[in-house]
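[1] fold the following, please.
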Amino acid sequence: MRKALASVSLCALAALFSAGAQAQDTGTITKAVGGYTFEQAAKEAEATKNFHSADGHLTFAIVTHTAGNGFFDPVYVGATAAGNMIGAKILLLGSESPTDDVVREIEILNQIIQDPTIDGLILTTPQVGAYNDIVKKLLDKGIPVATTNSFDPTIYMRDGISHTGQSAAAAAIGGAALAKCVLDKGLDKGSILFPSQTTAGNVEVNNRVVAAFDQVVKDLNAAGKLANFTVDAGPEKIGIAVNDQDIPGSIVTLLESRGDVVGIFGPNGAVTPAIVTAISQTKKEGQICAYGYDLGPPILEGLKSGALTGSLGQQPFLQGFWPVMQLYLQIDRGIAAANLDTRAQVVTKENVATVGKRFEN
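    All right, here's what the predicted structure looks like:
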């Protein structure tokens, strides 16, 4: 009798253990607490494809202020990749200029806002206060807007509009790398210059210069060497003005007229390639700690040749990809103003080979 009871007890325990093990192994959740299934909730809303234009598919336009220097190429790639994922048509638009061209960008934007097929707009906003009328017209029509790359804190309905981009404060990373380079070379004196397109009115770029300049000053001061160097970012600390029609020539003139340049920093994708050209022309590769911004083709070549010591990336693929997804989420899910900081990383000759493997530089 005792053997029989023991046998029954062991069987019961085995059954309980088996049932418990199965429950632990799966851990599958098939329904939400609200009672609906996740499959149902994950489906696109029936009305999404006919939002605004009611033509059976979504059409988003992305407009930039300079499509001519290569920086925005991976932005356009990212936007296209996101559009393919959600079945949206993406219009890739922008100024053909290799330098900031806000006038042309606004011309394109004024054409786009009249297009009845547009269901959403992504735009760069380098000139503060220049886009409010455009944004207001679209929002009044019920068309969502997202900004990318450059940030305008005063734009109409800012708190309701998502922004994807890198904080200008990230330029301090480049400033720190520049100061370290100068100190590691054992240099005790010389000029460190910050040339920039100060007349372009790009507040984001101006703020980058300020952040990089302040970091260089801070690090040289901490090393007890600041008094030995001339750190020059112009009278307003937003950069030494360059000639937009000949930026490389302006920088060559700076290098030759100062005569003691040991460091230089370019704050965008127009000035940085010009630094590469100027250093190559004056044959100062490796002699000057040269840092910049962005990772377009000329900059990557400059890093490989040694004309440029380092440059800050912005992960621009994300600056195209996320705004498209944000507009889609806003239309399909009502999710708005989800900002994304694309961060920064210093790219040098040592790691430049890892950049741009799939066009996402």
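[2] all helices of the chain, in order?
    2-26, 38-42, 73-86, 102-112, 132-140, 171-184, 203-222, 247-258, 271-281, 297-305, 316-333 (DSSP state H).
[3] now those in TSV, with distance to F60?
    From N, CA and C alone the C-beta is placed, and that goes for glycine too. Formatted as TSV, those follow (distance: least, Cβ to Cβ, whole Å):
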stretch	distance to F60
helix 2-26	40
helix 38-42	22
helix 73-86	7
helix 102-112	10
helix 132-140	12
helix 171-184	30
helix 203-222	23
helix 247-258	33
helix 271-281	29
helix 297-305	26
helix 316-333	6
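[4] for those, which one sits closest to E96?
    helix 102-112 (7.4 Å; Cβ to Cβ).
[5] ok, and for the closest one, which residues are buried?
    102, 104-106, 108-109, 112 (16 or more other Cβ atoms under 10 Å).
[6] same thing with stretch 168-182?
    168, 170-179, 181-182.
[7] so, low pLDDT: which residues of the chain?
    Judged by pLDDT under 70, the chain has its weakly predicted residues at 1-25, 360-361.
[8] mind doing that once more with 80?
    1-26, 200, 356-361 (pLDDT under 80).
[9] quick one, domains of it?
    Listed domain ranges for the chain are 48-166+316-343, 169-313 (source: automatic domain parsing).
[10] what is the end-to-end distance of the last one?
    Domain 169-313 has an end-to-end distance of 13 Å (Cα to Cα, to the nearest Å).
[11] likewise the longest one?
    Its start and end residues considered, domain 48-166+316-343 measures 32 Å (Cα to Cα).
[12] could you pull up the residues touching the closest residue to K136 other than its chain neighbours?
    Distance criterion Cβ to Cβ, 6 or more residues apart in numbering; nearest residue to K136, sequence neighbours excluded, is Y156 at 5.0 Å. Applying Cβ atoms under 8 Å, 6 or more residues apart in numbering to Y156 gives the contacts 131-132, 135-136, 139.
[13] also T164?
    Counting by Cβ under 8 Å, 6+ apart, the residues that T164 touches are 146-149, 318-319, 322-323, 326, 339-340, 342.
[14] burial measure for the nearest residue to G356 once chain neighbours are set aside, as a count.
    Of all residues beyond its chain neighbours, the one nearest G356 is L300 (6.6 Å), with distances taken as Cβ to Cβ, 6+ apart. Number of residues near L300 (other Cβ atoms under 10 Å) recorded here: 21.
[15] returning to what we had before: out of the buried residues of stretch 168-182, which comes closest to P267?
    A171 (6.6 Å).
[16] wait, doesn't the closest one sit right on V209?
    Yes: judged on Cβ atoms under 8 Å, A171 makes contact with V209 at a distance of 7.3 Å.
[17] anything in contact with each of those two?
    What both A171 and V209 touch, as defined by Cβ under 8 Å, 6+ apart, is the set P267.
[18] follow-up on the earlier one: okay if I get the domains of the chain as JSON lines plus distance to G27?
    Output for the domains of the chain, formatted as JSON lines (distance: least, Cβ to Cβ, whole Å):
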{"stretch": "domain 48-166+316-343", "distance to G27": "27"}
{"stretch": "domain 169-313", "distance to G27": "39"}
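[19] out of the ones you listed, nearest to T37?
    The nearest among these, by Cβ to Cβ, is domain 48-166+316-343 at 17.1 Å.
[20] quick check: the gap between G175 and T80.
    Going from G175 to T80 by Cβ to Cβ, to the nearest Å gives 34 Å.
[21] quick one: contacts for the residue lying closest to A88 once chain neighbours are set aside?
    The spatially closest residue to A88, leaving aside those adjacent along the chain, is L58, at 4.1 Å (Cβ to Cβ, 6+ apart). Listed by Cβ under 8 Å, 6+ apart, the contact set of L58 reads 48-49, 51, 86-89, 119-120, 327-328, 331.
[22] and the domains of the chain: which comes nearest G35?
    domain 48-166+316-343 (19.3 Å).
[23] any idea how many residues pack against D101?
    Neighbour tally, D101, other Cβ under 10 Å: 22.
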